[in-house]
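**Student:** Fold the stuff below for me.
(2 chains)
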Amino acid sequence: QVQLVQSGPEVKKPGASVKVSCKASGYSFASYGVSWVRQAPGQGLEWVGWISEDGSITNYAQKFQGRVTMTRDTSTSTAYMDLRGLRSDDTAVYYCAKHQPPVSTSSAPWDPRDYWGQGTLVTVSS
Amino acid sequence: QSVLTQPPSVSGAPGQRVTISCTGSSSNIGAGYDVHWYQQLPGTAPKLLIYGNTNRPSGVPDRFSGSKSGTSASLAITGLQAEDEGHYYCQSYDSSVTVDVVFGGGTKLTVL
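**Tutor:** Okay, here's the model as predicted:
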(Lines give C-alpha, C1' and ligand atoms only; values in the text may rest on other atoms or scores of the structure.)
Protein backbone atom coordinates (compact mmCIF):
# COMPACT_ATOMS: atom_id res chain seq x y z
CA GLN A 1 0.00 0.00 0.00
CA VAL A 2 1.09 3.58 -0.61
CA GLN A 3 2.86 5.14 2.38
CA LEU A 4 4.61 8.43 2.94
CA VAL A 5 6.63 8.42 6.16
CA GLN A 6 8.03 11.71 7.33
CA SER A 7 10.91 12.53 9.65
CA GLY A 8 10.36 13.33 13.30
CA PRO A 9 9.52 16.59 15.09
CA GLU A 10 12.02 19.42 15.09
CA VAL A 11 12.65 22.34 17.44
CA LYS A 12 14.62 25.20 15.95
CA LYS A 13 15.68 28.69 16.95
CA PRO A 14 14.69 31.73 14.90
CA GLY A 15 16.99 32.16 11.92
CA ALA A 16 17.89 28.48 11.73
CA SER A 17 17.09 26.01 8.95
CA VAL A 18 15.15 22.75 8.96
CA LYS A 19 15.15 19.87 6.50
CA VAL A 20 12.12 17.55 6.53
CA SER A 21 12.17 14.22 4.72
CA CYS A 22 9.35 12.17 3.23
CA LYS A 23 10.07 8.52 2.35
CA ALA A 24 7.67 6.96 -0.12
CA SER A 25 6.80 3.31 -0.62
CA GLY A 26 4.17 1.23 -2.36
CA TYR A 27 4.21 3.07 -5.69
CA SER A 28 6.59 4.21 -8.42
CA PHE A 29 8.13 7.25 -6.70
CA ALA A 30 9.73 8.50 -9.92
CA SER A 31 6.35 8.76 -11.64
CA TYR A 32 4.59 11.31 -9.44
CA GLY A 33 5.13 14.81 -8.15
CA VAL A 34 5.23 15.66 -4.46
CA SER A 35 3.78 18.71 -2.74
CA TRP A 36 4.46 20.18 0.67
CA VAL A 37 1.58 21.71 2.65
CA ARG A 38 1.73 23.19 6.12
CA GLN A 39 -0.79 23.76 8.89
CA ALA A 40 -0.14 26.22 11.71
CA PRO A 41 -1.66 25.32 15.10
CA GLY A 42 -5.45 25.58 14.91
CA GLN A 43 -5.30 26.93 11.35
CA GLY A 44 -6.09 25.72 7.85
CA LEU A 45 -3.96 24.21 5.11
CA GLU A 46 -1.34 26.31 3.30
CA TRP A 47 0.49 25.16 0.17
CA VAL A 48 4.27 25.58 0.36
CA GLY A 49 5.32 24.21 -3.03
CA TRP A 50 5.82 21.15 -5.19
CA ILE A 51 8.47 19.21 -7.09
CA SER A 52 7.92 17.31 -10.32
CA GLU A 53 8.48 13.60 -10.94
CA ASP A 54 12.06 14.01 -12.10
CA GLY A 55 12.89 17.01 -9.93
CA SER A 56 13.36 19.29 -12.93
CA ILE A 57 10.45 21.55 -11.96
CA THR A 58 9.90 23.18 -8.61
CA ASN A 59 7.22 25.73 -7.83
CA TYR A 60 7.07 27.57 -4.53
CA ALA A 61 4.34 29.74 -3.09
CA GLN A 62 5.40 33.35 -3.37
CA LYS A 63 5.67 33.86 0.38
CA PHE A 64 8.31 31.11 0.63
CA GLN A 65 10.38 31.95 -2.44
CA GLY A 66 14.01 32.49 -1.50
CA ARG A 67 13.63 30.55 1.75
CA VAL A 68 12.57 27.07 0.62
CA THR A 69 14.18 24.39 -1.52
CA MET A 70 12.53 21.10 -2.49
CA THR A 71 14.54 18.16 -3.73
CA ARG A 72 14.06 14.45 -4.26
CA ASP A 73 16.25 11.35 -4.37
CA THR A 74 14.91 8.60 -6.60
CA SER A 75 17.47 6.09 -5.33
CA THR A 76 15.92 6.24 -1.84
CA SER A 77 12.37 7.27 -2.86
CA THR A 78 12.65 10.27 -0.58
CA ALA A 79 11.54 13.87 -1.00
CA TYR A 80 12.97 16.73 1.03
CA MET A 81 11.91 20.22 2.02
CA ASP A 82 14.54 22.64 3.29
CA LEU A 83 13.22 25.82 4.92
CA ARG A 84 15.69 28.54 5.94
CA GLY A 85 15.50 31.73 7.97
CA LEU A 86 12.92 30.24 10.31
CA ARG A 87 10.57 32.59 12.14
CA SER A 88 8.11 31.92 14.94
CA ASP A 89 5.23 31.98 12.47
CA ASP A 90 6.79 29.05 10.62
CA THR A 91 5.74 26.87 13.56
CA ALA A 92 3.43 24.34 11.95
CA VAL A 93 2.88 20.75 10.95
CA TYR A 94 4.43 20.18 7.54
CA TYR A 95 2.90 17.49 5.31
CA CYS A 96 4.18 15.91 2.12
CA ALA A 97 1.58 14.68 -0.34
CA LYS A 98 1.71 12.62 -3.51
CA HIS A 99 0.21 14.08 -6.67
CA GLN A 100 -2.49 12.20 -8.57
CA PRO A 101 -2.44 13.48 -12.14
CA PRO A 102 -4.90 12.25 -14.76
CA VAL A 103 -3.87 8.97 -16.40
CA SER A 104 -0.98 9.28 -18.85
CA THR A 105 -0.16 12.89 -17.95
CA SER A 106 2.66 14.44 -15.96
CA SER A 107 2.11 15.92 -12.53
CA ALA A 108 1.00 19.54 -12.37
CA PRO A 109 0.34 21.98 -9.54
CA TRP A 110 -3.43 21.72 -10.01
CA ASP A 111 -3.48 17.96 -9.35
CA PRO A 112 -5.30 16.44 -6.41
CA ARG A 113 -3.04 15.01 -3.69
CA ASP A 114 -4.15 11.43 -3.04
CA TYR A 115 -1.79 10.29 -0.27
CA TRP A 116 -0.36 12.32 2.57
CA GLY A 117 2.42 11.80 5.08
CA GLN A 118 1.70 11.76 8.79
CA GLY A 119 3.06 15.30 9.21
CA THR A 120 6.16 16.72 10.88
CA LEU A 121 5.81 19.32 13.63
CA VAL A 122 8.37 22.08 13.28
CA THR A 123 8.52 24.38 16.30
CA VAL A 124 10.43 27.64 16.06
CA SER A 125 11.16 29.17 19.42
CA SER A 126 13.95 31.06 21.11
CA GLN B 1 -8.04 35.73 3.93
CA SER B 2 -8.22 32.62 1.76
CA VAL B 3 -8.62 32.91 -2.00
CA LEU B 4 -11.36 30.27 -1.77
CA THR B 5 -14.14 31.06 0.71
CA GLN B 6 -15.79 28.38 2.81
CA PRO B 7 -18.24 28.75 5.71
CA PRO B 8 -16.36 28.37 9.01
CA SER B 9 -18.80 25.80 10.31
CA VAL B 10 -21.80 23.65 9.42
CA SER B 11 -23.73 21.17 11.51
CA GLY B 12 -26.37 18.50 11.16
CA ALA B 13 -27.99 15.63 13.00
CA PRO B 14 -27.13 12.02 12.23
CA GLY B 15 -28.81 10.90 9.02
CA GLN B 16 -29.26 14.43 7.70
CA ARG B 17 -27.73 16.06 4.64
CA VAL B 18 -25.32 18.99 4.76
CA THR B 19 -23.55 20.98 2.07
CA ILE B 20 -20.31 22.94 2.21
CA SER B 21 -19.71 25.68 -0.31
CA CYS B 22 -16.41 26.83 -1.79
CA THR B 23 -16.56 30.20 -3.54
CA GLY B 24 -13.77 31.37 -5.78
CA SER B 25 -13.35 33.76 -8.69
CA SER B 26 -12.65 34.03 -12.40
CA SER B 27 -8.94 33.31 -11.86
CA ASN B 28 -9.43 29.95 -10.18
CA ILE B 29 -12.68 27.94 -10.16
CA GLY B 30 -14.24 30.20 -12.77
CA ALA B 31 -11.23 29.76 -15.04
CA GLY B 32 -12.02 26.06 -15.31
CA TYR B 33 -9.57 24.65 -12.78
CA ASP B 34 -10.78 21.57 -10.98
CA VAL B 35 -11.82 21.59 -7.33
CA HIS B 36 -10.72 18.86 -4.95
CA TRP B 37 -12.00 18.23 -1.44
CA TYR B 38 -10.15 16.91 1.59
CA GLN B 39 -11.41 15.60 4.91
CA GLN B 40 -9.28 16.08 8.01
CA LEU B 41 -10.42 14.19 11.07
CA PRO B 42 -9.09 15.32 14.47
CA GLY B 43 -5.39 14.66 14.89
CA THR B 44 -4.92 13.15 11.44
CA ALA B 45 -3.52 14.13 8.05
CA PRO B 46 -5.89 15.32 5.32
CA LYS B 47 -7.50 12.65 3.17
CA LEU B 48 -8.61 13.11 -0.44
CA LEU B 49 -12.41 12.93 -0.55
CA ILE B 50 -13.40 14.26 -3.99
CA TYR B 51 -11.17 15.00 -6.97
CA GLY B 52 -11.84 16.63 -10.31
CA ASN B 53 -15.00 18.31 -8.97
CA THR B 54 -17.16 15.19 -8.80
CA ASN B 55 -15.03 12.03 -8.55
CA ARG B 56 -14.65 9.84 -5.49
CA PRO B 57 -11.42 7.92 -4.87
CA SER B 58 -11.80 4.22 -4.26
CA GLY B 59 -13.04 3.57 -0.73
CA VAL B 60 -14.86 6.87 -0.24
CA PRO B 61 -18.56 6.21 0.44
CA ASP B 62 -21.10 7.49 -2.06
CA ARG B 63 -22.60 9.57 0.77
CA PHE B 64 -20.01 12.14 -0.30
CA SER B 65 -20.54 14.00 -3.58
CA GLY B 66 -19.14 17.09 -5.25
CA SER B 67 -20.38 19.59 -7.77
CA LYS B 68 -19.11 22.71 -9.49
CA SER B 69 -20.83 25.60 -11.21
CA GLY B 70 -19.40 28.90 -12.36
CA THR B 71 -17.03 30.25 -9.72
CA SER B 72 -18.23 27.93 -6.94
CA ALA B 73 -18.16 24.32 -5.88
CA SER B 74 -20.01 22.33 -3.24
CA LEU B 75 -19.49 19.21 -1.19
CA ALA B 76 -22.62 17.35 -0.10
CA ILE B 77 -22.71 14.75 2.65
CA THR B 78 -25.85 12.66 3.04
CA GLY B 79 -26.73 10.24 5.82
CA LEU B 80 -24.49 12.09 8.29
CA GLN B 81 -22.58 9.88 10.68
CA ALA B 82 -20.73 10.75 13.88
CA GLU B 83 -17.42 9.77 12.29
CA ASP B 84 -17.85 12.48 9.65
CA GLU B 85 -17.12 15.15 12.24
CA GLY B 86 -13.99 17.06 11.34
CA HIS B 87 -12.70 19.73 8.97
CA TYR B 88 -13.24 19.88 5.22
CA TYR B 89 -11.09 21.84 2.77
CA CYS B 90 -11.53 22.67 -0.90
CA GLN B 91 -8.48 23.10 -3.14
CA SER B 92 -8.03 24.53 -6.61
CA TYR B 93 -5.46 26.40 -8.68
CA ASP B 94 -5.24 30.13 -9.31
CA SER B 95 -3.74 31.59 -12.45
CA SER B 96 -3.14 35.08 -11.10
CA VAL B 97 0.43 36.27 -10.62
CA THR B 98 0.82 35.91 -6.89
CA VAL B 99 -0.85 32.61 -6.09
CA ASP B 100 -0.76 29.06 -7.36
CA VAL B 101 -2.33 26.22 -5.42
CA VAL B 102 -5.06 27.55 -3.19
CA PHE B 103 -7.01 26.04 -0.31
CA GLY B 104 -10.23 27.20 1.22
CA GLY B 105 -10.09 28.27 4.84
CA GLY B 106 -11.75 25.06 5.94
CA THR B 107 -15.17 24.18 7.34
CA LYS B 108 -15.72 22.51 10.68
CA LEU B 109 -18.50 19.92 10.45
CA THR B 110 -20.23 19.14 13.72
CA VAL B 111 -22.56 16.14 13.95
CA LEU B 112 -25.13 17.03 16.58
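**Student:** Quick one: name the residues of chain B near chain A.
**Tutor:** B:2, B:33-34, B:36, B:38, B:40, B:45-48, B:51-52, B:57, B:87, B:89, B:91-93, B:98-106 (CB under 8 Å from any CB of the partner chain). Heads up, the C-betas are built off the backbone N, CA and C, glycines and all.
**Student:** Which strands border the longest strand anywhere in chain B, and is each parallel or antiparallel?
**Tutor:** What stands out as the longest strand in chain B, according to DSSP state E, is strand B:86-93. Here strand B:86-93 has these sheet partners by DSSP bridges: strand B:36-40 (antiparallel), strand B:101-103 (antiparallel), strand B:107-111 (antiparallel).
**Student:** chain center to the second one: distance?
**Tutor:** Computed by CA atoms, centre = their mean, to the nearest Å, the separation of strand B:101-103 from the middle of its chain amounts to 12 Å.
**Student:** Number of residues surrounding residue 71?
**Tutor:** Using chain A here. Around A:Thr71 there are 13 other residues, counting by other CB atoms under 10 Å in any protein chain shown.
**Student:** Not quite, go with chain B.
**Tutor:** Counted with other CB under 10 Å, residues neighbouring B:Thr71 total 16.
**Student:** you'd agree it is up against B:Gly24?
**Tutor:** Yes. The pair B:Thr71 and B:Gly24 passes the contact test of CB atoms under 8 Å, sitting 5.1 Å apart.
**Student:** anything in contact with each of those two?
**Tutor:** By CB atoms under 8 Å, 6 or more residues apart in numbering or on different chains, B:Thr71 and B:Gly24 have these common neighbours: B:Gly30.
**Student:** The chain: strands as residue ranges?
**Tutor:** I'll assume chain A. Assigned by DSSP E, chain A shows strands spanning A:3-6, A:10-12, A:18-25, A:34-39, A:45-51, A:58-60, A:68-73, A:78-83, A:92-99, A:113-116, A:120-124.
**Student:** The chain in question should be chain B.
**Tutor:** B:9-12, B:18-23, B:36-40, B:47-50, B:64-69, B:72-77, B:86-93, B:101-103, B:107-111.
**Student:** Against chain B, how distant is the nearest residue to A:Ala24 once chain neighbours are set aside?
**Tutor:** Nearest residue to A:Ala24, sequence neighbours excluded (CB to CB, 6 or more residues apart in numbering or on different chains): A:Ser77, at 4.6 Å. Distance from A:Ser77 to chain B, counting by CB to the nearest CB, to the nearest Å: 19 Å.
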